[in-house]
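Student: Pasting the sequence and the predicted coordinates here, then a few questions.
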Amino acid sequence: MSVKTAKFLLSAPDISHCPDSDLTEICFAGRSNVGKSTLINALTNQKKLAKTSNTPGKTRDINFFLIDDTWHLVDLPGYGYAKVSKKEQARWQKALEEYLLNREQIGLICVLVDSRHEPQDSDLDFMYWLAMNEIPFMVVLTKSDKISKNKQQSAVALFKRELSAMNIEAPVHQTSSSHRTGLDELHAIIESFI
């Protein structure tokens, strides 16, 4: 199964500006520079749907995309390192928390993590916070083409252990945007939450 149509809908600085719609929202979140925009573009078969950048922290609002006229893909501001003021980071954090805690249309959060690196505290803290607030999420490991098959398996096992240690059950899935591996399976998982 693949995405047939995808179009940018709007950027919302906070929950009050989100679309007035009952369509399910599948959200993509992750540290800055994890390959979020690249994965969104690969998943939707579009080159420039989500803007890619070498500068961390480019996504500053909650961006909504209409997919196949049946669901919303939501690109959330990155957490972690970004060259912006503390005040701006605090605004993102507040807007993000309000959205995640109060938006009833959320079906799933895809937490993107670079498969080449061990889990960062900010990733694990975010996953724990989602679990404690009973917000469904899955871990999506990105850039798997940049490591060997053995390291890919080790990365999946490591995240499963980390989640288990926090008493959390969540799928862990490998992807490569450039090689387009894992995208069909990711789309199938997303479909099951719509």
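Tutor: Sure, I can see it. Numbering: from 1, shown residues only.
Student: The lowest-mean-pLDDT helix or strand in the chain: which residues count as buried?
Tutor: Sorting the helices and strands of the chain by mean pLDDT, DSSP states H and E puts helix 86-102 at the bottom, at a mean of 85. Buried residues in helix 86-102, counting neighbours by 16 or more other Cβ atoms under 10 Å, are found at Gln89, Arg91, Trp92, Ala95, Leu96, Tyr99, Leu100. Every residue, glycine included, has its C-beta placed from N, CA and C.
Student: what does stretch 11-21 give?
Tutor: By 16+ other Cβ under 10 Å, the buried positions in stretch 11-21 come out as Ala12, Ile15, Cys18.
Student: ok, now how distant is the first one from Glu88?
Tutor: Looking back up the chat, that one is Ala12. In this view, Ala12 and Glu88 are 16 Å apart by Cβ to Cβ, to the nearest Å.
Student: With distance to Lys4 as added columns, please give the buried residues of stretch 11-21 in CSV.
Tutor: Shown next, in CSV, are the buried residues of stretch 11-21 (distance: Cβ to Cβ, whole Å):
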residue, distance to Lys4
Ala12, 25
Ile15, 29
Cys18, 24
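Student: ok, so of the residues you listed, who is nearest Gly35?
Tutor: Nearest to Gly35, judged by Cβ to Cβ, of the buried residues of stretch 11-21 is Ala12 at 22.8 Å.
Student: State the distance from that closest one to Ala165.
Tutor: Counting by Cβ to Cβ, the separation of Ala12 from Ala165 is 35 Å.
Student: For the lengthiest strand in the chain, list every residue counted as buried.
Tutor: The longest strand of the chain (DSSP state E) is strand 106-114. Residues of strand 106-114 classed as buried under the neighbour-count rule (16+ other Cβ under 10 Å) are Ile106, Gly107, Leu108, Ile109, Cys110, Val111, Leu112, Val113, Asp114.
Student: Any idea which residue is closest to the centre of this structure?
Tutor: Against the mean C-alpha coordinate of the chain, by Cα atoms, centre = their mean, the closest residue is Phe28 at 2.1 Å.
Student: Does that one belong to a helix, a strand or coil?
Tutor: Under DSSP: H, G, I helix; E, B strand; the rest coil, Phe28 falls in the strand class.
Student: So for the closest residue to it other than its chain neighbours, what pLDDT did the model give?
Tutor: Spatially, and ignoring its direct neighbours in sequence, Phe28 is nearest to Cys110 (5.0 Å; Cβ to Cβ, 6 or more residues apart in numbering). At Cys110, the pLDDT value in this model is 98.
Student: With the one 3 residues further on instead?
Tutor: As summarised for this prediction, Val113 has a pLDDT of 96.
Student: Name the residues linked to it by a beta bridge.
Tutor: Beta-bridge partners of Val113, counted by DSSP bridges, are Leu141.
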